[in-house]
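K.L.:
no sequence for this one, just the structure:
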């Protein structure tokens, strides 16, 4: 499991064995079952999650209508969380639910800050990850504003083909902003 983290980090910054030993001691390993919440709306968010295996969805539930809005999915080698709650130490406005059994390396905010101050390379790594995440969020927002459901599906298929094989159709439809029936009628 640590080798997955090291390979992930070293896509952006190279680490010596001593530097990686410093990094890995700040993470804890956790297993989650399918349908278990890693983050639950209204609760504190003690960790940021690097997924080693499994599949999760990040959801906002509108309390007045009980409707779920899927913001993102995450799978192996991805980070996900209610980042606002994590970084501001507030209660979650989002939930992160496991769609499959999931294993993750968990990083507390205190350990995150210790890593950043103790190893500048890691601060650069996280800056690059934040920039990539911000750009992906902008693309998703623009896609929702300007693309048809068919185009959004094609974009998702082009960017993450393996994700489509793992998602239930109801989850995929909700992410694309269409009904399950509309998704079934779309030509692929």
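P.N.:
Nice, I can see it. Predicted model, so just to flag it, every value in this text is computed and none were measured. Residues are numbered from 1 along each chain as shown.

K.L.:
What confidence value was assigned to the residue most central in space within the chain?
P.N.:
The residue at the geometric middle of the chain, judged as the C-alpha nearest the mean C-alpha position with C-alpha atoms, centre = their mean, is residue 80 (2.5 Å). You'll see residue 80 listed with a pLDDT of 96.

K.L.:
For it, list the residues it contacts.
P.N.:
When contacts are counted by C-beta atoms under 8 Å, 6 or more residues apart in numbering, residue 80 is found next to 49, 51, 56, 58, 72, 74, 96. Bear in mind the C-beta positions are built from the backbone N, C-alpha and C, glycine included.

K.L.:
Is there a neighbour count for residue 49? I'd like the number.
P.N.:
Counted with other C-beta atoms under 10 Å, the neighbours of residue 49 add up to 23.

K.L.:
so it makes contact with residue 106?
P.N.:
Yes. Assessed by C-beta atoms under 8 Å, residue 49 is found in contact with residue 106 at 5.9 Å.

K.L.:
And the residue nearest to the centre of the chain, how close does it get to residue 49?
P.N.:
Plainly put, residue 80 is 6 Å away from residue 49 if you go by C-beta to C-beta, to the nearest Å.

K.L.:
now residue 86
P.N.:
According to C-beta to C-beta, residue 86 and residue 49 sit 9 Å apart.

K.L.:
And the strands in this structure, which stretches?
P.N.:
Along the chain, the stretches classed as strands by DSSP state E are 27-32, 37-39, 47-53, 55-61, 68-75, 79-80, 95-98, 102-108.

K.L.:
any chance of these in a markdown table, with distance to residue 180 too?
P.N.:
Rendered in a markdown table, the data for the strands of the chain read as follows (distance: least, C-beta to C-beta, whole Å):
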| stretch | distance to residue 180 |
| --- | --- |
| strand 27-32 | 26 |
| strand 37-39 | 23 |
| strand 47-53 | 26 |
| strand 55-61 | 16 |
| strand 68-75 | 13 |
| strand 79-80 | 24 |
| strand 95-98 | 18 |
| strand 102-108 | 24 |
